[in-house]
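Q: generate coordinates for the sequence data below:
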Amino acid sequence: MTTSPSVLSDVVMYDTLVNYLVSMARTVEGAMNRALDAIVGFDNPRTSVLPSEVFLLEPRINEMEIVIDEHAIRLLRSGNFSDDELRLIVAALKITNDLERIGDIAVNLAQRVISLREMPGAQVPEELAPMAAAVRAMVSKSLGALIFRNADMATHVLESDDLVDRYRDRIFEQLLERMTHDTQVVSPGLQFILATRHLERIADHATNIAEDIIYWVRGLDVRHGRLLLNPQMPAPDTLSRVSDATAESAAGNSAAASSATSTADGREGVTNNSHGLYSRVTPA
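A: Reported below is the predicted structural model:
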């Protein structure tokens with residue numbers, strides 16, 4: 001039995017859309033990692049070039065967003081897709097928007113770094129580094145969920161959002177108390193407060209991406225706490241259209257990624273970037 005050229009073309013088009021998404025996500029992750037390294041080590045000469053690298057990546061991210069949107073629109077015009085494929089197109093249009101916003105926030109963080117370097121006596125808050133690590137892990141897991149179409153991994157991202165919020169609150173309280181007693185640290189303190197707000201927004205966008213992946217893979221809308229998702233819950237039969245071979249491959253890759261996550265840096269769920277988890281899938 002042979003596959004018609006039109007069906008083969010549709011498969012290629014959908015695979016291309018996923019590849020575009022992964023490529024954009026990797027680029028955004030690279031910009032974000034540079035921004036996080038720059039803000040955590042803003043006084044380190046080795047990180048001095050990172051803000052300019054973030055600025056250079058922004059136009060590329062914006063262009064990739066446009067390309068993905070145009071490709072998704074071409075698919076919609078064909079009007080020939082399954083439920084799973086339709087959900088992919090809808091999720092892709094939303095994911096690209098969140099990825100582009102993460103890229104913009106990376107630029108904002110880079111601007112904070114430039115400002116802090118001009119302020120004598122600026123000191124990094126103690127909990128900024130672990131907060132940045134938690135945000136980095138959320139984005140990394142979101143990308144892993146996208147690559148492996150893994151709703152369980154996306155669910156872990158949703159569970160991590162509260163941790164980032166707690167870091168933000170504690171850093172804000174510490175900086176506020178310090179600024180109350182010492183006016184010399186008001187200017188850098190405000191810059192770090194803005195930086196923690198940027199980090200929280202990145203975590204929010206990573207959460208949005210994870211929610212869209214769950215919708216794509218399982219057909220479940222978990223936004224705004226509408227559904228308490230059980231990570232072990234199987235996808236509904238009417239919404240599960242992935243082939244057996246693809247499902248088995250994704251499950252194997254997901255298990256390998258989960259193992260890598262639990263051992264990275266000796267802390268479960270904290271990794272430097274997605275390449276450490278998915279080196280066989282995403283190039284460095």
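
Q: how far is the helix with the most length in the chain from where the chain is centred?
A: Secondary structure of the chain per DSSP state H: the longest helix is helix 5-40. Chain-centre distance of helix 5-40: 11 Å, with C-alpha atoms, centre = their mean, to the nearest Å.

Q: just stretch 24-41 next, same as before
A: 11 Å.

Q: average pLDDT for it?
A: Average pLDDT, stretch 24-41: 95.

Q: mind checking pLDDT for Asn150?
A: Reported pLDDT for Asn150: 89.

Q: and the gap between Arg87 and Phe55?
A: Distance, Arg87 to Phe55, using C-beta to C-beta, to the nearest Å: 35 Å. Quick note: C-beta positions are derived from backbone N, CA and C, even for glycine.

Q: and the next element down the chain from the longest helix of the chain?
A: Once helix 5-40 ends, the next helix or strand along the chain (criterion: DSSP states H and E) is helix 50-78.

Q: give the buried residues for the helix or strand hosting Arg112.
A: In the assignment (DSSP H and E), Arg112 maps to helix 83-116. By neighbour count on 16 or more other C-beta atoms under 10 Å, the buried set for helix 83-116 is 84-85, 87-89, 91-93, 95-113, 115-116.

Q: for Gly30, which non-adjacent residue is spatially closest?
A: Leu57 (6.6 Å; C-beta to C-beta, 6 or more residues apart in numbering).

Q: quick one: residues contacting that neighbour.
A: Thr27, Gly30, Ala31, Arg34, Gly103, Ala106 (C-beta atoms under 8 Å, 6 or more residues apart in numbering).

Q: can you list those in JSON lines and add distance to Leu190?
A: As requested, the contacts of Leu57 are exported to JSON lines (distance: C-beta to C-beta, whole Å):
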{"residue": "Thr27", "distance to Leu190": "30"}
{"residue": "Gly30", "distance to Leu190": "28"}
{"residue": "Ala31", "distance to Leu190": "24"}
{"residue": "Arg34", "distance to Leu190": "23"}
{"residue": "Gly103", "distance to Leu190": "24"}
{"residue": "Ala106", "distance to Leu190": "20"}
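
Q: what strand or helix carries Glu211?
A: Counting by DSSP H and E, Glu211 is found in helix 186-218.

Q: tilt between that helix and helix 83-116?
A: Put simply, helix 186-218 runs at 170 degrees to helix 83-116, going by axes from the mean of the first three to the mean of the last three C-alpha atoms, to 10 degrees.

Q: what is helix 186-218 packed up against?
A: helix 5-40, helix 83-116, helix 128-148, helix 151-181 (3 or more C-beta pairs under 8 Å, 6 or more residues apart in numbering; DSSP states H and E).
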